[in-house]
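> Quick check, what structure comes out for this input:
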Amino acid sequence: MTSSGWNAAQGAANAPGATLHIAEGARHRASLTLAGFSVGQESAPTVSFASAAGRAYLHLAA
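Numbering: from 1, shown residues only. Sure, this is the predicted structure:
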């Protein structure tokens, strides 16, 4: 099962922002930092997972 969670003010030292961590089961798969965004912003992206033609994908929408 794929899960995700947002963390505040992570990322590179000179470009912190809301960071999305994605895991599949117990394994860490990826992280994505949106520099300048905060977790509490109304315009923070929503995350969904889906698949099409047998290929999984992540969809971010703001």
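> Give me the pLDDT for the nearest residue in space to G5 that is not next to it in sequence.
Leaving aside its chain neighbours, G5 sits nearest to H21 (5.6 Å; criterion: CB to CB, 6 or more residues apart in numbering). All C-beta atoms are positioned from the backbone trio N, CA, C, and that covers glycine. Predicted confidence (pLDDT) for H21: 89.
> ok, now the one 4 residues further on?
On the pLDDT scale, G25 is placed at 76.
> Pull the contacting residues for the residue nearest the centre of the chain.
Nearest residue to the geometric centre of the chain (CA atoms, centre = their mean): L20, 2.8 Å. Counting by CB atoms under 8 Å, 6 or more residues apart in numbering, L20 makes contact with S4, G5, W6, S31, L32, T33, L34, V47, L60.
> Of those residues, which is the nearest to P16?
T33 (7.4 Å; CB to CB).
> close enough to count as contact, the closest one and A9?
No - the criterion here is CB atoms under 8 Å, and T33 misses it with A9 at 9.6 Å.
> Skipping its backbone neighbours, what lies nearest S31 in space?
Using CB to CB, 6+ apart, the closest residue to S31 is H21 (5.1 Å).
> nope, Y57 is what I was after
Using CB to CB, 6+ apart, the closest residue to Y57 is A50 (6.2 Å).
> ok, now which ones touch that neighbour?
A50 neighbours (CB under 8 Å, 6+ apart): A56, Y57, H59.
> do S38 as well
A8, A9, G17, A18, A44.
> for the third one, helix, strand, or coil?
Using DSSP: H, G, I helix; E, B strand; the rest coil, the structure places G17 in strand.
> want to try JSON lines for the contacts of A50, with neighbour count, pLDDT and secondary structure as columns?
Below are these laid out as JSON lines (neighbours: other CB atoms under 10 Å; pLDDT from 0 to 100; DSSP: H, G, I helix; E, B strand; the rest coil):
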{"residue": "A56", "neighbour count": "10", "pLDDT": "82", "secondary structure": "strand"}
{"residue": "Y57", "neighbour count": "9", "pLDDT": "84", "secondary structure": "strand"}
{"residue": "H59", "neighbour count": "10", "pLDDT": "86", "secondary structure": "strand"}
